[in-house]
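[1] Need coordinates for the following:
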Amino acid sequence: MDLGSVDRITADAIGEPGMRTFYLQVRAGEQLVTVIVEKEQVELLARSVLELATEVPIPDDVKSEELSLEEPVDPRWRVGRLSIGFDDEEDRFLLEIDEFVPEVDDEDDERSILPEEPESITLWASREQMLALARHGTTVVARGRPRCQFCGNPMDPEGHVCPATNGHRAPRA
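    This is a model prediction of the structure:
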């Protein structure tokens, strides 16, 4: 699906920290497209945008509520891969979004036969749209559970079993 230049792009999450579902949502004219993403994909997308546009300040005039998800939040599928690029001549970002395809080990397994080719979405967004997305996405990710100072994994209120402390429970930071 080629959406061309989009009118709006955002990432947000629904649910309580530790139980949230993250979404990437795009509007192109009357078409609203929503897909499920992982928290780490939102973090990486925000970081990649900032790396590609290091010489331009992030706009301050975009309000968070303008980047909230639009209803209905009806995701098409789960994202497997995000690819981002920047076109200097056009001064805009290219984002390619590929559907997640589960790996199946057993060739005889019925689930290994996919009924259709995985979908993909291609879109173009302005520098301002992507910088606003990066800023908002970083804020959304930060609303989650605190991360362990030793291993970086999210911690529940009672702490967690930390691999960096050889499996001992790390105290809540």
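
[2] Against Gly4, how distant is the nearest residue to Asp7 once chain neighbours are set aside?
    Among residues not flanking Asp7 along the chain, Arg27 sits closest, at 5.0 Å (CB to CB, 6 or more residues apart in numbering). Yep, even glycine has a C-beta here, placed from its N, CA and C like the rest. Distance check for Arg27 against Gly4: by CB to CB, to the nearest Å, it reads 12 Å.

[3] which one of these two has more residues nearby?
    Higher neighbour count among Arg27 and Gly4: Arg27, with 16 against 9, using other CB atoms under 10 Å.

[4] name the element that one belongs to?
    strand 21-28 (DSSP states H and E).

[5] In that strand, which residues are buried?
    Phe22, Tyr23, Leu24, Gln25, Val26, Arg27, Ala28 (16 or more other CB atoms under 10 Å).

[6] What of stretch 134-143?
    Judged by neighbour count using 16+ other CB under 10 Å, the buried positions of stretch 134-143 are Ala134, Arg135, His136, Gly137, Thr138, Val140, Val141.

[7] before we move on, which element is the fifth one in?
    Put plainly, it is Thr138. Counting by DSSP H and E, Thr138 is part of helix 127-142.

[8] Tell me where the protein is predicted with low confidence.
    Flagging of the chain using pLDDT under 70 yields the residue ranges 55-65, 104-115, 167-173.

[9] mind listing the strands for it?
    Remark: strands assigned in the chain by DSSP state E are 2-5, 8-14, 21-28, 31-37, 79-87, 92-99, 120-126, 160-161, 169-170.

[10] CA atoms only for stretch 19-31, dumped as PDB, please.
    Below are the C-alpha coordinates for stretch 19-31, written out as PDB (Å, rounded to 0.1, in the frame of the first residue of the first chain):
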ATOM      1  CA  MET A  19       0.200  -3.900  29.800                       C
ATOM      2  CA  ARG A  20       0.200  -1.200  27.000                       C
ATOM      3  CA  THR A  21      -0.200  -1.800  23.300                       C
ATOM      4  CA  PHE A  22       1.700   0.600  21.100                       C
ATOM      5  CA  TYR A  23       0.300   1.800  17.800                       C
ATOM      6  CA  LEU A  24       1.600   3.700  14.800                       C
ATOM      7  CA  GLN A  25      -1.100   5.600  13.000                       C
ATOM      8  CA  VAL A  26      -1.100   7.500   9.700                       C
ATOM      9  CA  ARG A  27      -3.700   9.600   8.000                       C
ATOM     10  CA  ALA A  28      -3.600  10.300   4.200                       C
ATOM     11  CA  GLY A  29      -6.700  12.200   3.200                       C
ATOM     12  CA  GLU A  30      -9.700  10.100   4.200                       C
ATOM     13  CA  GLN A  31      -7.700   7.000   4.800                       C
END
